[in-house]
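**Q** Give me the fold of what follows.
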Amino acid sequence: MQAHPQARFWGIALALYALWWLGYEQVLRPDGRLDAALSAQVAWAAAWGLRVFGFAAAVAPGNLRMVTMAGDPAVLVGSPCNGLVLYALFAGFVLAQPDNGRRKGRFIVIGVATLYLVNVLRVAALALNHTYWYHTVDFNHHYTFTFVAYAVILGLWGWWAQQQPAAPTPAT
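**A** Just a heads-up that it's a prediction; the model follows:
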């Protein structure tokens, strides 16, 4: 007898949350190295992207998580803003869905790469925002970009759900 699809989903989701709580909240977050490396990578990618478009952006030599514009501090990529929680949330939802592992794995890679790119663009946009229109940074950081990030996640989940094979209908 197979578990009800919703019970299966919530069981997997609960198990993944417990794994996240044990693995990240109790070990990786207190250690700090994963968050520091990811934050530095996001800052570096945002600065690189800004330089590609001709802006004088860099990563501060003394703080690899700090994006600078023309030598002035612009954005500090903190642990809550490096995207890790979004990647885990996205991947957890896909893993909890019924489907084969190969398809899930491919979609998780595509989704996490998309979310990483959105986060890098967010940090670059905040650096520009800070440099050219600083009085709106707080609003954009806390509301605009949060809305955009979750809209992208919901869009990816919707895309995933539309590609699910149709569930067999019970015989009558």
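**Q** any idea which helix is longest in this protein?
**A** Once the chain is assigned using DSSP state H, the helix that runs over the most residues is helix 101-132.
**Q** Give the other helices and strands that the next helix or strand after that one contacts.
**A** Later in the chain than helix 101-132, the nearest helix or strand by DSSP states H and E is helix 137-139. Applying 3 or more CB pairs under 8 Å, 6 or more residues apart in numbering; DSSP states H and E, one finds that helix 137-139 contacts helix 101-132. Any C-beta I mention is one placed from the backbone N, CA and C, and that applies to glycine too.
**Q** sorry, back to before: can you list the buried residues in the longest helix of the chain?
**A** Buried residues in helix 101-132, counting neighbours by 16 or more other CB atoms under 10 Å, are found at 104, 107-108, 111-112, 115-116, 118-120, 122-131.
**Q** what does stretch 70-83 give?
**A** Within stretch 70-83, the residues scored as buried using 16+ other CB under 10 Å are Ala74, Val75, Val77, Cys81, Asn82, Gly83.
**Q** Just those: which are in strands?
**A** Among the buried residues of stretch 70-83, the ones falling in strands (DSSP state E) are Ala74, Val75.
**Q** okay if I get the buried residues of stretch 70-83 as TSV plus pLDDT and distance to Arg8?
**A** Converted to TSV, the buried residues of stretch 70-83 look like this (pLDDT from 0 to 100; distance: CB to CB, whole Å):
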residue	pLDDT	distance to Arg8
Ala74	97	46
Val75	97	41
Val77	97	37
Cys81	92	33
Asn82	95	31
Gly83	93	28
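**Q** which one of the buried residues of stretch 70-83 is nearest Phe9?
**A** When the buried residues of stretch 70-83 are ranked by distance to Phe9 (CB to CB), Gly83 comes first, at 24.1 Å.
**Q** Tell me the confidence at the closest residue in space to that closest one that isn't next to it in sequence?
**A** Using CB to CB, 6 or more residues apart in numbering and skipping the chain neighbours, the partner closest in space to Gly83 is Asn119 (4.1 Å). Note for Asn119: predicted pLDDT of 96.
**Q** Was I right to think Asn119 contacts Val42?
**A** Yes - Asn119 lies in contact with Val42 (CB atoms under 8 Å); the separation is 5.9 Å.
**Q** Residues that sit against both of the two, list them.
**A** Cys81, Asn82, Gly83 (CB atoms under 8 Å, 6 or more residues apart in numbering).
**Q** okay, and the helix or strand of this structure with the least pLDDT?
**A** helix 5-20 (a mean of 88; mean pLDDT, DSSP states H and E).
**Q** Appreciated, that's everything.
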